[in-house]
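J.: sequence and computational prediction follow.
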Amino acid sequence: MNNKLSIAIITKNEELNIGRCLNSVSWADEIIVVDSGSTDKTIDICTEHNCKIILTDWLGFAKTKQLAVDNCRNDWVLVLDADEVITEPLKFKIETILNNPEVSGYKIKRSSFYLGKMIKHCGWDKDYTLRLFDKNKGRFNEKLVHESVKIENGNIGVIEEVMFHYTYQNITHHVNKINQYTTLSAENMFLNSKSYTLIGGLFRAFWGFFKMYILKLGFMDGIEGFILSINSSYYIFLKYSKLWEKRRTIK
């Protein structure tokens, strides 16, 4: 590869995922792991994989990921979550791209598993996320949740070779994440002066389920697709409920 590649990952108590992730990128020139207080075997596993480990307090998703990117010594960076895996076809595609990058960043198609099953509908089949980019031309935005890379100089390409995403260990794990992310989403909407009624939130939750389960064919993913669609609509209603609660509290 003419351009060397750095991998940037943030972790906290990811011993169940991180080994699988690191095995899939062992071919990269450098792996940077920014850890925010792991108390399990995450650090030991990262050390075994010869990662450069940076310890920090939790700064929020965007700022912690940007810290990882800033500590990469190579211009081209691939940002991963600990529960993601680079497939062999994607590895070869990335190596080919780095020989002669034509744009400043690339969105990568992601195939996700839910409760052990690959979800092929529910809208998850059209999941593209910008992860491979020249760090001199892009950086993370400052959203509290659902952060993303913004390319500030140049164009964006698309990679169809997939990476795998092993989302939630079980339903309890999903519900805990929903609680965490909806709190951050409500805070983000509040800071941006977003205002919706509870009835509006309820309508959006019902519409979200209908769109995901019916229009986006979630019913074809079986019981897993049904549970995913229900929990996703619960996420929507809980987000707006927390925004309503926050606005009522400050009056």
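T.: Received it, and whenever you're ready, just let me know what you need. Numbers count the residues shown, from 1 in each chain.
J.: CA atoms for contacts and neighbours, from now on please.
T.: Fine.
J.: what is the neighbour count of residue 73?
T.: Using other C-alpha atoms under 10 Å, residue 73 has 15 other residues around it.
J.: go on, residue 194?
T.: 12.
J.: I'd guess it is in a strand, am I close?
T.: No: counting by DSSP: H, G, I helix; E, B strand; the rest coil, residue 194 is not found in a strand; it is coil.
J.: ok, it to residue 242 distance?
T.: Distance, residue 194 to residue 242, by C-alpha to C-alpha, to the nearest Å: 12 Å.
J.: and residue 190, by the same measure?
T.: 10 Å.
J.: more crowded one of the two?
T.: It is residue 242, of residue 190 and residue 242, that has more neighbours when counted by other C-alpha under 10 Å, with 20 against 16.
J.: for the residue nearest the centre of the chain, list the residues it contacts.
T.: Central residue check for the chain by C-alpha atoms, centre = their mean: the C-alpha nearest the mean position is that of residue 81, 6.1 Å away. Residues in contact with residue 81 (C-alpha atoms under 8 Å, 6 or more residues apart in numbering) are 9-11.
J.: could the residues you listed go into TSV alongside distance to residue 143?
T.: Output for these, formatted as TSV (distance: C-alpha to C-alpha, whole Å):
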residue	distance to residue 143
9	18
10	16
11	19
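J.: residue 224: which of those residues is nearest?
T.: Sorting the contacts of residue 81 by how near they are to residue 224, with C-alpha to C-alpha, puts residue 11 at the top with 26.9 Å.
J.: over to that closest one: give its phi and psi.
T.: phi -140, psi 150 (degrees, to the nearest 10).
J.: run a quick neighbour tally on it.
T.: 24.
J.: what sits closest to it if chain neighbours are left out?
T.: Closest residue to residue 11 apart from its sequence neighbours, by C-alpha to C-alpha, 6 or more residues apart in numbering: residue 35 at 4.7 Å.
J.: any idea how far that neighbour lies from residue 250?
T.: Taking C-alpha to C-alpha, one finds residue 35 at 35 Å from residue 250.
J.: more neighbours, those two?
T.: Remark: of residue 35 and residue 250, residue 35 carries more neighbours, 23 against 6, as counted by other C-alpha under 10 Å.
J.: list the buried residues for stretch 215-235?
T.: Of all the residues in stretch 215-235, those buried under the rule 16 or more other C-alpha atoms under 10 Å are 216-221, 224-235.
J.: oh, I was asking about stretch 14-33
T.: 14-15, 17-19, 21-22, 24-25, 28, 30-33.
J.: residue ranges with poor pLDDT in the protein?
T.: Where the chain drops to pLDDT under 70, the residues are 1, 195, 251.
J.: at 90 what do you get?
T.: Applying pLDDT under 90 to the chain picks out residues 1-2, 142-146, 153, 188-198, 200, 246-251.
J.: for it, which helix is longest?
T.: helix 222-250 (DSSP state H).
J.: which neighbouring elements make contact with that one?
T.: helix 171-191, helix 198-210 (3 or more C-alpha pairs under 8 Å, 6 or more residues apart in numbering; DSSP states H and E).
J.: for the ones you listed, could you give me a markdown table that also reports distance to residue 58?
T.: Shown next, in a markdown table, are those (distance: least, C-alpha to C-alpha, whole Å):
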| stretch | distance to residue 58 |
| --- | --- |
| helix 171-191 | 14 |
| helix 198-210 | 30 |
